[in-house]
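> kindly generate the corresponding structure for this input.
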Amino acid sequence: MVHGLGPRRTACLLDHFSTPRSVLEAPLPELEAVKGISEKMARFIVDFDRWDDVDRVFRVAKERGIDWMTPADEIFPDPLLQIYDTPPILWSIGDPSILKRPMVAVVGTRRAATYSTDLAREWSMKLAQAGFVVVSGMASGVDHAAHQGALSAGETVAVLGNGVDRIYPRESTDVYKAMTSGGGVLLSPFLPGSRPVRGNFPARNRLISGLSLGLLLVQSGMKGGSMRTARMALDQNREVFAIPHDLHRAFSEGGHYLIKSGEAKLVDSLEDVISELPPMEQPDGPNLEAVEVALQSRLQLLSEVENSILELVDDEKLHVDQISRTLDLPMHRLSAHLTGLEIQGLIRQFPGGHIKRLYV
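This next block holds a predicted model:
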């Protein structure tokens, strides 16, 4: 809450004073002596008096089931301790122990082609089955599909550009609810209640790449958040992978550029990704108990109609017309339920109106 005091200046202060309390109790001359701290910044620290606001933030967080962690806490993600601007505090909803498992970022454009969202969903599901935690940013398009796929088989982390108690964008509501009911962690460096303003997203992107052993760029133009996240991954010495696309497909130039420049590895199978990750970091396999708990949590929240749909659909494809006739459910109502089940990673909708269940 100190004006202008970000992760880098905080790190400089903690390197010098060791503890936050010592920083806040330091006299002005000692603060000014710290490299990177100007006289103006030192004055902001000395004059800070918003303690009622600090108390309110922690009170609200507790009321809303929001946890917090700092680099001094054992549960803090180890990969973030290795990056240049480690966040001084992270806010979370969900099981923070997930953050100690090996993670892979899956990112891409909001305006993704169906081909790309299908790949993101499929590869994320397989990453989760292999024991990795999938990290993304809960944006529309590729991010959304990545969370869906991961939730269908394991665990996922969403790093947000707003407070963890805010759902953004609105179409991510069902994914948000599925993550908070089991199998996921919502993570943010921003105070509870923070709005998703444009200036927040570079920090969000930096944490997505920083958390991960490697980053998979599914589809991206030359500009935009996913391309910037790939650049940050390279700066953080993370592996970057890109999926090739039709040369004339819109918003695919970014991945092609990184492949052509040698900054990203061209991959056409998930095995290409896993084989390039550090061997000592690869997991032995999925946490089957955690996967089952997450699945059962999602199933318990389903409506009677959604349960009826799942009873009809097995691992063989079933057409929506047959589901509509069997349940005597109008198509517009059925479509809404199917969309919700797909977002939760419980079914998959295929072109032509066929449906398949994604769990046994």
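> which outside residues touch stretch 70-83?
Stretch 70-83 is contacted from outside by 69, 86-90, 96-97, 99-100, 103, 206-207, 210-213, 236, using Cβ atoms under 8 Å, 6 or more residues apart in numbering. Yep, even glycine has a C-beta here, placed from its N, CA and C like the rest.
> only the buried subset of those residues, as a ChimeraX command please.
The ChimeraX command for the buried members of the contacts of stretch 70-83 (criterion: 16 or more other Cβ atoms under 10 Å) is given here:
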select :69,86,87,88,89,90,96,99,103,206,207,210,211,212,213,236
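> list the ones among the contacts of stretch 70-83 that fall in helices.
206, 207, 210, 211 (DSSP state H).
> can you redo those residues as a markdown table with distance to residue 15 and pLDDT?
Converted to a markdown table, those look like this (distance: Cβ to Cβ, whole Å; pLDDT from 0 to 100):
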| residue | distance to residue 15 | pLDDT |
| --- | --- | --- |
| 206 | 20 | 96 |
| 207 | 21 | 97 |
| 210 | 19 | 97 |
| 211 | 23 | 97 |
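> dump those residues to CSV, plus distance to residue 273.
Shown next, in CSV, are the ones in helices among the contacts of stretch 70-83 (distance: Cβ to Cβ, whole Å):
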residue, distance to residue 273
206, 21
207, 20
210, 18
211, 16
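> ranges for the strands of the stretch 101-250 of the chain?
103-107, 133-136, 156-159, 184-188, 214-217, 239-242 (DSSP state E, counting those that start in this stretch).
> of the ones you listed, which approaches residue 165 most closely?
Shortest distance between residue 165 and those, using Cβ to Cβ, is found for strand 184-188: 8.7 Å.
> average pLDDT across the closest one?
The average of the pLDDT scores along strand 184-188 is 96.
> strand partners (parallel or antiparallel) of it?
strand 90-94 (antiparallel), strand 156-159 (parallel) (DSSP bridges).
> which of these is buried the deepest?
strand 156-159 (a mean of 30; mean count of other Cβ atoms under 10 Å).
> select the helix or strand of the protein having the lowest average pLDDT value.
Least confident helix or strand, the chain: helix 288-300 with a mean of 60, by mean pLDDT, DSSP states H and E.
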